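1. build the 3D model from these lines:
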Amino acid sequence: LLQAPAQSMGWSCVHCTLINQDHEEVCDGCGSSKEGPQPRGLRAGLKNAVSGAVSALNTIWDDVVDAAKDVSAPFAPPPPSAPQPQPYSVFNMPEVPRHGPSVTPLSPQIPVVTLSDTPPPRPPPPRRVKEVKEMPRTPVSRAASVSIHSSPMKDQTVRDEKEARNQLKEIQLLCKEFKTCFIDDEFQPNERSLGKLYDDEERAVPGRLHASQVMWLRPTEMYTKDGHRYPWTVFNDPSSSDIEQGSLGDCWLLSALALIAERPDVLEKIFLTKEYNAMGVYQVRLCVDGHWRVITVDDYFPCRKNTRSFAFAVGRKNQLWVPLVEKAYAKALGKYEMLRSGRTVEGLALLTGAPCESITLEEDDLDVDLVWARLLSAKEAGYVMGASCGAGSKKRVGEGVSAALGLLTQHAYSILDVRQEGQHRLLRVRNPWGSHVWTGAWSDNWNGWPADLKRRLLPSGSRSPGTFWMLFDDFRLHFDSLDFAKIRQHLAWAELRVPCRIGGSWADDAVALMLVVEEPTEMCCSLFRGGSRAANDHEDLLIMVHHVDPKGHVGELETRSGRSLSHMASTGDFFLRAGHYVILALSLSSFNRGAFRLHASLVVHSNKLLFGETIACPPQMATDSLVQMTLKEGTVQKPKLSSLQSLNAVIPRFVTKNFGGLLAMVDNHMPDSYVHVSADCSGSSNVLSSRGALKVIDSVPPMSRQIIIILSHFDASNGYVVQNSLWMQTSRTAAINRMIGGEIAAAAAAKTRPVLQIEHQPPFDSEASKQLHAPRSAFI
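-> Just a heads-up that it's a prediction; the model follows:
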């Protein structure tokens, strides 16, 4: 039998759903065109159902994959645009004034060019890291926790240069529109920008000026030694011999600049504007107080009224790079006056942003061979070096002796070369003034030069103004410190800059930096105090690097910086193995000053990228750090004893080396006896006590330890003396009343009023003091 063909069901309009005949190409209901063959019958229904199910499964799978991506990288930082609820910004760039420089105010309608904050660096791609140990936290610490990561130093340079180019274009467009030169209204050419120039303390600055003797001129309005022989330029084959100091006591800055001039690759990166321009707008990139800043200045410079020549720093051959750096930093500080007096290491940190370190030459137990080896190593590594003459607290030779040999005291010099010539250890040094050179042994005109060395080290026609050779032994007698800037641009190191607050009584806004190190890493930590030059005083700075123990507490001390009154501190280079670490930034000299707090910047340079987070640093954590330092570095001294049962069970420890004062801690390991401790430091001078007194008495309970007292150097311009006498006795009771004596003993004998049981004298008068000095368990 022949089966008749199935009758067609027609096609359904996708717009109005009307069933139309197959031969019709247009819907009878709405006029829409037929859109291809449509699925029919049961098979079509099944096909639609399966298609919908597959689509739903794909959507669910995509959601699962996205969720997995979200948890795959626990240390991936948030996007730069994401708001941070925490009070501390991860990438807090230097504070830039909100009112930017403007062009000459020809009319009130002229717009103001505002410098915007530097954008945060782009976070690296997500990556899986090892599990992070949790540090004990308070509610405050949880609020302050922020994930962070380091970034290559060259990346920050590229970002700053891009931002600066955009700002420069805006200023230039305004100058063209109003047909005028640029005038910086943030740092105007007036007496306020100069500050107080004349000061009796400026003994070493020739030709001192008063503000009334200064006028502000542009380069084309000046007279210079070079006249019209050279056109005005930013650079014209720059060298250290192009630098001349003016009537400002900033030899420390010019000495550092002379060192940088020997490194054209570094010098070029400082100046974002590299060509002279008639509009007079220039941009300089400096690392101010540990943060990179792009500073925009005009080309009005202080000049002498009587000669119309530069009053301050001069660049020979009509070069502007020298006075531009001087003016940019003066603007950052508020006035030229703030540039007076400093150390070369400050200038090196300002100009390079690299880890900088000082070596004092005044220590009684100085390892001379080690210092010489470090000089040779620094020269080989391409570091830049400087030195300070006669600025230390210990005078091994009188100022008259140094002056008679051509050296200036309270003055900074550059070290250009280091040579080991047979048994002779020689250094080539430069005075940034270009004059006043060493006239002793190995100077240019010394008669004792071996002929072969003189041909090699003093070839005819190669002598540069202000430079000289001298023996390392003579150098140590007249110079008090060495300064290094560890420039590693070609090694692609990374940097991490974290803002923090230090000092005072350890308030809740203190932070620490916790790091996860995944592979062996070389690094260096630096701490900068904000506004140290403007404040005209120094506080002690201290960096501590600890392991995080298995319980998540501050563990063994890995390394630390020296503690001294300075604007910056550095740990020097060190290596960390894979593990968890915490870095603390501390200041102890202002401990009893309550709410007094310092803005600071903790900077970490490393040869590998670092990941971690900032966490709150409560007083307990800072005390743990000091305890760990004392356990590792403290020297045990035999005290005066009274009925002490076992010397081995009572351990007094003292930290003095590289500490800028004293820390005394006593451990009582006896199971059932108290130890009464009397510490007398009244013979000390120029120090501050964390207890507010130089003589203290404490009762240390069984199986406990206590930080008895911390002494801190007070006046940086003078040396300090630390003397301590420790007397101890055992007791079955905690009270120290009998040791105090005096009024308390008389009241007890007369029974005129109840006698309090005193355990600490003076008592702990604040919560922070209690956290630092109260006894704690010796075994945690």
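
2. where exactly do the helices run in the stretch 451-600 of the chain?
-> Assigned by DSSP state H, counting those that start in this stretch, the helices in the stretch 451-600 of the chain fall at 451-457, 472-478, 532-535.

3. export those as a markdown table, with columns for distance to L491.
-> Bear in mind the C-beta positions are built from the backbone N, C-alpha and C, glycine included. Formatted as a markdown table, these follow (distance: least, C-beta to C-beta, whole Å):
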| stretch | distance to L491 |
| --- | --- |
| helix 451-457 | 30 |
| helix 472-478 | 28 |
| helix 532-535 | 29 |
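
4. of those helices, which is nearest R165?
-> helix 532-535 (29.5 Å; C-beta to C-beta).

5. coming back round to it: okay, the helices of the stretch 451-600 of the chain in TSV with distance to E337, mean neighbour count and mean pLDDT next?
-> Converted to TSV, those look like this (distance: least, C-beta to C-beta, whole Å; neighbours: other C-beta atoms under 10 Å; pLDDT from 0 to 100):
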stretch	distance to E337	mean neighbour count	mean pLDDT
helix 451-457	40	12	91
helix 472-478	29	17	93
helix 532-535	10	16	68
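
6. nearest to K162, of those?
-> Smallest distance to K162 across those (C-beta to C-beta): 29.4 Å, for helix 532-535.

7. re the thing from before, which among the helices of the stretch 451-600 of the chain is found nearest to V636?
-> Taking C-beta to C-beta, helix 472-478 is the member of the helices of the stretch 451-600 of the chain nearest to V636, at 32.7 Å.

8. so which elements touch that closest one?
-> Applying 3 or more C-beta pairs under 8 Å, 6 or more residues apart in numbering; DSSP states H and E, we find helix 472-478 packed against helix 368-381, strand 424-430.

9. single out the most deeply packed of these.
-> The highest mean neighbour count among the helices and strands packed on helix 472-478, using mean count of other C-beta atoms under 10 Å, belongs to strand 424-430: a mean of 20.

10. from the contact counts, what lies against it?
-> Using 3+ C-beta pairs under 8 Å, 6+ apart: strand 424-430 touches strand 411-421, helix 451-457, strand 467-471, helix 472-478.

11. which residues does the closest residue to P264 other than its chain neighbours contact?
-> Among residues not flanking P264 along the chain, P238 sits closest, at 7.4 Å (C-beta to C-beta, 6 or more residues apart in numbering). Going by C-beta atoms under 8 Å, 6 or more residues apart in numbering, P238 touches 261, 264, 267, 315, 319, 321.

12. ok, of the residues you listed, which one's closest to F479?
-> Nearest member of the contacts of P238 to F479, counting by C-beta to C-beta, is A261, at 20.9 Å.

13. what's the burial count for the closest residue to the closest one other than its chain neighbours?
-> The shortest distance from A261 to any non-neighbouring residue, by C-beta to C-beta, 6+ apart, is to S240 (4.5 Å). By the criterion of other C-beta atoms under 10 Å, S240 has 22 neighbours.

14. now do R293
-> Neighbour tally, R293, other C-beta under 10 Å: 21.

15. for it, helix, strand, or coil?
-> The local conformation at R293, judged by DSSP: H, G, I helix; E, B strand; the rest coil, is strand.

16. is it correct that it is in contact with R285?
-> Yes. Contact criterion C-beta atoms under 8 Å: R293 and R285 qualify, at 7.3 Å.
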